[in-house]
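*Asks:* Got a predicted model here, sequence first, then my questions.
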Amino acid sequence: MNLIEPHRFTPFEAGRTTLVTLPGVPRKTHVDVLRISEGLVLAHSHFSPSIRHDDDIRRPEEQLILAFNLSGRMLLVDPRGAAHEITGGQGWIIRSGGKRLQRIVEKGEGCSNLVIALALSRLAPALGALLDFALPGSACFRRLRLPVPGKTTLATLLDTRTDPAAMMRKEGQCLALLGHALEELADHPDRSETAGGTELLVDRMTAFLSERLAETITMAEIEREAGLSHVTLNQIFRAATGMTVFERLRALRLEAAERLIRQTDRSFTKIAGDCGFSDASHLSNAFRKRYGATARDWRRGAYRNP
């Protein structure tokens with residue numbers, strides 16, 4: 001996995017632009033970067049749908065990031081394993097704190113984003129205090145109600161003009177967008193979403209699996225339901241639960257079987273069918289491995305659930 005540090009590709013001089021590409025990656029994957037002023041950078045990223053992109057990103061500790069999704073979908077996974085889906089024309093404000101973030105763009109989807117990076121030292125003390133309250137610590141994410149800039153704003157931000165008047169205008173536009181984001185933090189300081197994306201996804205997929213315990217379910221069906229590849233989904237599940245998706249499904253089946261064995265007098269054959277096991281023998285073997293006792297002894301109360 002590549003480690004990409006965007007600040008190393010940023011021009012040093014205001015008004016300078018650069019086109020960033022990666023070796024071995026299609027040319028349709030690139031980032032247009034413009035240094036607007038000493039502490040303010042504008043970037044327009046393009047990720048080709050022809051390959052899967054999976055990289056680690058690390059920005060300076062002092063940077064505050066405002067990102068707008070223009071098309072496609074991207075996952076950013078923070079150091080705790082929480083995944084944040086950047087999609088659907090959303091705006092996000094991100095304080096990475098110098099930590100590595102994993103960036104994933106699935107093959108066949110692609111993605112394009114507008115990113116504004118501001119040095120925190122440029123913020124007034126009162127705004128810095130607001131940020132510490134609304135996005136405390138490091139690797140903090142917050143989805144905004146703030147919509148993607150309109151076509152006119154995007155067109156003027158992304159034009160090729162770098163004369164002094166144009167640079168002043170672009171700086172004003174970027175600061176206005178950052179101002180709107182900080183206003184939203186001030187008005188809604190309790191809407192932190194540092195881990196919400198992963199929790200919601202894992203909860204939703206766990207509910208989906210729980211409804212299908214008795215059925216034969218394929219990874220392709222799970223991928224369609226989640227809208228993610230099995231690789232990404234397993235990464236998220238491992239970070240959140242310590243298990244892959246199918247390991248979680250197996251655990252859910254055993255937990256359901258244990259409840260039925262303990263609380264009902266149904267036959268083991270019926271319980272096996274209700275919980276997705278091929279037969280009573282399959283259930284018995286899996287049950288013994290998990291609980292250290294046979295299902296029959298468990299029902300008799302010789303053992304307690306650990």
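*Replies:* Structure's in. What do you need? Numbering: from 1, shown residues only.
*Asks:* and the gap between residue 42 and residue 11?
*Replies:* The gap separating residue 42 from residue 11 is 11 Å, by C-beta to C-beta, to the nearest Å. Yep, even glycine has a C-beta here, placed from its N, CA and C like the rest.
*Asks:* Phi, psi for residue 111 please.
*Replies:* phi -170, psi 150 (degrees, to the nearest 10).
*Asks:* so what's it up against?
*Replies:* Residue 111 is in contact with 45, 47, 69, 71, 72, 73, 74, 86, 105, counting by C-beta atoms under 8 Å, 6 or more residues apart in numbering.
*Asks:* Buried subset of those residues, written for PyMOL?
*Replies:* Remark: buried members of these, expressed as a PyMOL selection using 16 or more other C-beta atoms under 10 Å:
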select buried, resi 45+47+69+72+73+74+86+105
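*Asks:* Tell me which two in the contacts of residue 111 are the farthest apart.
*Replies:* Farthest pair in those (C-beta to C-beta) is 45 and 73. Separation: 13.0 Å.
*Asks:* low pLDDT regions in the chain?
*Replies:* 1, 137-139, 189-198, 302-306 (pLDDT under 70).
*Asks:* and if we set it to 50?
*Replies:* Where the chain drops to pLDDT under 50, the residues are 191-195, 302, 304-306.
*Asks:* quick one: the helices in this protein?
*Replies:* 125-134, 151-157, 164-187, 196-210, 219-226, 230-241, 245-263, 268-274, 280-291, 295-300 (DSSP state H).
*Asks:* List the residues that contact the spatially closest residue to residue 237 that is not a sequence neighbour.
*Replies:* Among residues not flanking residue 237 along the chain, residue 245 sits closest, at 5.2 Å (C-beta to C-beta, 6 or more residues apart in numbering). Residue 245 makes contact with 205, 209, 219, 222, 230, 233, 234, 237 under the criterion C-beta under 8 Å, 6+ apart.
*Asks:* ok, those residues vs residue 2, which is closest?
*Replies:* Distances from residue 2 to the contacts of residue 245, taken by C-beta to C-beta, are shortest for residue 234, at 20.4 Å.
*Asks:* Residue 158 contacts residue 44, correct?
*Replies:* Yes: with contact defined as C-beta atoms under 8 Å, residue 158 and residue 44 form a contacting pair (5.7 Å).
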